[in-house]
Every structure is written in structure tokens, then in C-alpha cells.
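Asks: Give me a model of this one.
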Amino acid sequence: MNKSISTDRHILVVDDEEDILELIRYNVEKKGFRVTCVDSGEKALKHIRTEAPDLLVLDLMLPEIDGLDVCRILKNDTTTSQIPILMLTAKGDESDIVHGLELGADDYVTKPFSMSVLIARIQALLRRQSEAPGTDDETIVRESLAIDPKRREVRVEDNPLDLTFSEFQILHLLMSHPGLVFTRNQIIDAVRGDNYFVTERSVDFQFVGLRKKLGSAGKYIETIRGVGYRFSEKTY
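Replies: Numbers count the residues shown, from 1 in each chain. Just a heads-up that it's a prediction; the model follows:
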């Protein structure tokens, strides 16, 4: 059952096309959200430092600082890393989509886009942000690796890791079911919800980023060729 979403949430929209900004502002405000629009990456970063939004709708092709750089800057800063980012990208630019997801973006919509789809994605991201990560709130420990769903903390050798929303959800899903193999589609459905359109390559890049952050503990995430991924039951 979906939880209700407070519609007084603040959405920051970044795009260098005025018509698109006004179109998104009009339709998203009709849903009750508060919307701020800016037309460059530099203005977006300046605004976020002053007032962090609940969600960022981010065009990738921007003047001065492009969307991918904005995403990287925000996700590398612990004060802004948990802001959900919904990328807007030109249709067919899979390399940008993969790169953006690898940097920590949470979702994407391709241009030209359906306004109803964009709003549904915004609502889904805000819903996931407010929901608990799973039914099991107990801390899970595997040797040097520990994940605490209540605090949304992950530690390796007692050192905290800064994971994106998706990376945390993936790790919690796998650690909650050690030895169970999840297909890429099952991971997408569990982490992002049903009907999330993403390539298998994009899912794989999420795991590349997660393993890199886990360091030595990345060995617990096993790739099952032709099927998907699982959290190893082995003791190393």
C-alpha cells in the first residue's frame, strides 16, 4: 500500500529552456508542490546552498556547469547527498543516463517527456524517500560490514560510507536475503518500484559504484552470470 505524500514539498527544477521550466512549474504546482525554477547549474547550486529542496529535477544539458557535474557535486557532499535527483535527458542518450546513475542520480525521464510520467516519477521518489527501507529494521552485520536501516547507515570496519538512496536500498535488499539470487528486474522492482524503465546496463553500473564504495566488503556481492546478483553466504 502506498503512503500518502505531503504536497507541500519543495521541488527545484533546473533547465535552460524557459518554455520547459514554465510547463513543469505550472503542472507540478497544480499537484500542490512548491516549485522553484532556475536556468543554469551554477544557479541551482547557489539556490541549494541557501535552501535545500526535497527533490531536484535536473536537465543534463546546461550552460556553465552541466547537469552531470551538478549531480556529482551534490552527491559528493554529505549535506546534499540525500536529495533525490531526477534527471532530464535527451532521448537515446544512454551514456548520459548510465553516467548519471553511476554518479548517484535516483531516476531519469527522457525528452520529449510526458508530463504525467514526470509527475508520477516525482511522486514515486518522494514516496520512497519517506518510506522505511524495509520491513526488517534490525541492524545486519557480516564480519566488517554492517547496515542499520533505522539510521540508514552503512559501515565497513566501523568507517561510515556515503551511499546514494538506490545503493543503500540494493545493499539492504541483498543483505536481508543472503544467498538468494535477485534478477535485475527484481532489483529494479524492489528498489525503485514497478514500471521503472531502465536498462540492464544501468543496473550493472549501480553495482559497480556500490562495490567500489564497499571496498574490501564488495566481495560479498556476487554476480551470477546471466541471472543477477546475490549477497554471499560464504565466510571469508
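
Asks: now the spatially most central residue of the chain: how far from residue 137?
Replies: In the chain, the residue lying closest to the centroid (Cα atoms, centre = their mean) is residue 106, at 2.2 Å. Noted for residue 106: a distance of 22 Å to residue 137, by Cβ to Cβ, to the nearest Å. Heads up, the C-betas are built off the backbone N, CA and C, glycines and all.

Asks: Could you do residue 52 as well?
Replies: 26 Å.

Asks: Quick check: beta-bridge partners of residue 12?
Replies: residue 36, residue 56 (DSSP bridges).

Asks: wouldn't it be in contact with residue 50 here?
Replies: No. With contact defined as Cβ atoms under 8 Å, residue 12 does not reach residue 50; the gap is 10.9 Å.

Asks: So between the two, which is more surrounded?
Replies: Comparing residue 12 with residue 50 by other Cβ atoms under 10 Å, the one with more neighbours is residue 12, at 23 against 7.

Asks: Let me see the contact set for that one.
Replies: The contact partners of residue 12, taken as Cβ atoms under 8 Å, 6 or more residues apart in numbering, are 35, 36, 37, 38, 44, 47, 48, 53, 55, 56, 57.

Asks: give me that answer again for 6 Å
Replies: 36, 53, 56 (Cβ atoms under 6 Å, 6 or more residues apart in numbering).

Asks: and of those residues, the nearest to residue 114?
Replies: Of all the contacts of residue 12, residue 114 sits closest to residue 56, with 19.6 Å by Cβ to Cβ.

Asks: Let me see the contact set for that closest one.
Replies: Contacts of residue 56 by Cβ under 6 Å, 6+ apart are 12, 83, 85.

Asks: Recalculate using a threshold of 7 Å.
Replies: Contact partners of residue 56, counting by Cβ atoms under 7 Å, 6 or more residues apart in numbering, are 12, 14, 83, 85, 86.

Asks: Can you give me the buried ones in stretch 210-225?
Replies: Of the residues in stretch 210-225, 210, 211, 213, 214, 217, 220, 221 count as buried by neighbour count, 16 or more other Cβ atoms under 10 Å.

Asks: what sits up against that stretch?
Replies: Residues contacting stretch 210-225 (Cβ under 7 Å, 6+ apart): 142, 144-145, 156, 161, 163, 167, 170-171, 174, 181, 207, 229-232, 236.

Asks: Low-confidence bits of this protein, can you list those?
Replies: Within the chain, the segments meeting pLDDT under 70 span 1-7, 91-93, 129-136, 192-200, 235-236.

Asks: ranges for the helices of it?
Replies: 18-30, 41-50, 67-75, 94-103, 115-130, 165-176, 184-192, 200-214 (DSSP state H).

Asks: what comes up buried for the second one?
Replies: Think helix 41-50. For helix 41-50, using 16+ other Cβ under 10 Å, the buried residues are 41, 43, 44, 45, 47, 48.

Asks: now the fourth one
Replies: Buried positions in helix 94-103, judged by neighbour count with 16+ other Cβ under 10 Å: 96, 97, 98, 99, 100, 101, 102, 103.

Asks: related to what we said a few turns ago, residue 52 and residue 137: which is more packed in?
Replies: Remark: of residue 52 and residue 137, residue 52 carries more neighbours, 15 against 11, as counted by other Cβ under 10 Å.
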